[in-house]
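Asker: with the sequence up front, the predicted model follows.
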Amino acid sequence: MVPLSYYLLLSAVLFSIGAVGVLIRRNVLIMFMSIELMLNAVNLSFVAFSRFLDSLEGQVFVFLVMAVAAAEVAVGLAIIICIFRNKATVNVDEINLMKG
Amino acid sequence: MELTLFVIFGAVAVASAFMVIVSRNPVVSALFLILTFFCLAGLYVLLNAQFIAALQIIVYAGAIMVLFVFVVMLLRTGKEARRGYRLIFQKSIGIIFVVLFLLLLGSITLMVSVTGMRGPYTAEAVRHIGNTQAFASVLFTDYLYPFEIISVLLLAGIIGAVVLAKRKR
């Protein structure tokens, strides 16, 4: 059986890639995808803990995280469409006015 | 065999996750993100979580990513323009801190051994009653209230999306 630490390490690497994506990219769509990547990295460690502790609670939490992610994507993409309609850009450096 | 599959899925997941953040075209990013989700579904199967693997493909790769690709196509933003010095400073600081964070997380996962109270659902027990049934019996007894609350959250999300995306007159 693959040890738990391998799964946790893979999860940490995926989370860090997502964090780098949020920090270095200025395209709001790709930043949003990086957030999804971080959520999935956390899901992987939840499932790994659930497997290695013989408990299904971790999988229940993954289910809840997926539902929250679906709601978040629907609202977030609607906000992005709104911003694009007003400013005609998806670059976050150009979206810097609260009432712009 | 299991280790081989873990290495294959893990390597493809990390490589395509990397492609998500370096690609300049958002459509390419979205397609690589779908590949990452498929690899994660494979890892969930390796971890005896077949129901979660199916949900991963149906909800993430199916619903959420279709929404993403739809919006990317709708916005037609084109390729991202390269910007000046401020971004280089920003990028280097960001990468340095994330590498430090990764070293911290990695050392924690390698040094600390995980101990905890073990639940009743061993691999043998789950195989006997079936993963989906075991999952449902936990979700609809101990976690019934979170399940109900999540449905309210999804309703709020639907209403919010409709209100926000509605064209103002």
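Answerer: Received the coordinates, thanks. Numbers count the residues shown, from 1 in each chain, chains lettered A, B, ... in the order given.
Asker: hey, let's count contacts and neighbours off CA atoms from now on
Answerer: OK.
Asker: now do the contacts for the residue nearest the centre of chain B.
Answerer: With distances taken as C-alpha atoms, centre = their mean, residue B:37 lies nearest the centre of chain B, 6.4 Å away. By C-alpha atoms under 8 Å, 6 or more residues apart in numbering or on different chains, the contact list for residue B:37 reads A:40, B:13, B:56-57, B:60-61.
Asker: and residue A:54, by the same measure?
Answerer: Per C-alpha under 8 Å, 6+ apart, neighbours of residue A:54: B:118-123.
Asker: mind redoing it with 6 Å?
Answerer: Residues near residue A:54 by C-alpha atoms under 6 Å, 6 or more residues apart in numbering or on different chains: B:118-119, B:121-122.
Asker: contact residues of chain B facing chain A?
Answerer: B:3, B:21, B:91, B:94, B:106, B:109, B:118-119, B:121-122, B:154, B:157, B:161, B:164-165 (C-alpha under 6 Å from any C-alpha of the partner chain).
Asker: in ChimeraX, select just the buried ones from these.
Answerer: Of those, the buried ones can be selected in ChimeraX as follows, counting by 16 or more other C-alpha atoms under 10 Å in any protein chain shown:
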select /B:21,91,94,106,109,121,122,154,157,161,164,165
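Asker: next one: phi and psi at residue A:91?
Answerer: Dihedral pair for residue A:91: phi -90, psi 120, per degrees, to the nearest 10.
Asker: separation between it and chain B?
Answerer: For residue A:91, the distance to chain B (C-alpha to the nearest C-alpha, to the nearest Å) stands at 8 Å.
Asker: that residue: neighbouring residues, count only.
Answerer: The tally of other residues near residue A:91 (other C-alpha atoms under 10 Å in any protein chain shown) stands at 18.
Asker: elements contacting the helix or strand containing residue B:158?
Answerer: If you go by DSSP states H and E, residue B:158 is part of helix B:144-165. Packing contacts for helix B:144-165, counted by 3 or more C-alpha pairs under 6 Å, 6 or more residues apart in numbering or on different chains; DSSP states H and E, involve helix A:57-87.
Asker: max-length helix in chain B?
Answerer: The longest helix of chain B (DSSP state H) is helix B:85-111.
Asker: and that helix, what does it pack onto?
Answerer: Secondary-structure packing of helix B:85-111 (3+ C-alpha pairs under 6 Å, 6+ apart): helix A:4-24.
Asker: now the helix it packs on against helix B:85-111, angle please.
Answerer: 170 degrees (axes from the mean of the first three to the mean of the last three C-alpha atoms, to 10 degrees).
Asker: show the average pLDDT along the helix holding residue B:158.
Answerer: When pLDDT is averaged over helix B:144-165, the result is 93.
Asker: buried ones in it?
Answerer: Quick answer for helix B:144-165 (16+ other C-alpha under 10 Å): B:147, B:150, B:153-154, B:157-158, B:160-161, B:164-165.
Asker: close to chain B: what parts of chain A are there?
Answerer: Neighbours of chain B within chain A, by C-alpha under 6 Å from any C-alpha: A:2, A:5, A:9, A:21, A:23-24, A:53-55, A:71, A:74-75, A:78.
Asker: closest to residue A:98 out of those residues?
Answerer: residue A:78 (17.0 Å; C-alpha to C-alpha).
Asker: quick check: closest non-adjacent residue to residue A:91.
Answerer: residue A:27 (4.9 Å; C-alpha to C-alpha, 6 or more residues apart in numbering or on different chains).
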